[in-house]
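*Asks:* A predicted structure for the sequence below; I have some questions about it.
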Amino acid sequence: MTQNLDINDYYSTSDLALATAISLYYPLEVVDRSNPHKAQFLFKRDDNLDKFIESYWRGDLKVSPSSYFNQLKIIKARLYEMERSRNG
């Protein structure tokens, strides 16, 4: 699935909490499940995304708890839907 993408154009993380925070502001482009033990979440990279990630790791990022929780449910649903379709 990700073989046609230029990986340098994307930020990839397996950290669900970070992926959820990013996806509040940036579209989740791909959920790469090629490794059955760890999904990778890919986001189109730009200068603002890199700054956003730095804010996340510094603890400076402020988000609405309810928005974050709702987005986490969406990300998990997407992740597990793909898993079910692979096994089903």
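*Replies:* Now that the structure is in, tell me what you want to look at.
*Asks:* other SSEs contacting the helix or strand Phe43 falls within?
*Replies:* Counting by DSSP states H and E, the element that carries Phe43 is strand 40-44. Other elements packing on strand 40-44 under the criterion 3 or more C-beta pairs under 8 Å, 6 or more residues apart in numbering; DSSP states H and E are strand 10-13, helix 16-23, strand 28-32. Every C-beta, even on glycine, is put in place using the N, C-alpha and C of the backbone.
*Asks:* how about a cut-off of 6 Å?
*Replies:* On a contact count with 3 or more C-beta pairs under 6 Å, 6 or more residues apart in numbering; DSSP states H and E, strand 40-44 meets strand 10-13, strand 28-32.
*Asks:* Let's check: the centremost residue of this protein is which one?
*Replies:* Ala19 (3.2 Å; C-alpha atoms, centre = their mean).
*Asks:* Make TSV from the helices and strands packed on strand 40-44 and add mean neighbour count and mean pLDDT to it.
*Replies:* Formatted as TSV, those follow (neighbours: other C-beta atoms under 10 Å; pLDDT from 0 to 100):
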stretch	mean neighbour count	mean pLDDT
strand 10-13	17	96
strand 28-32	17	92
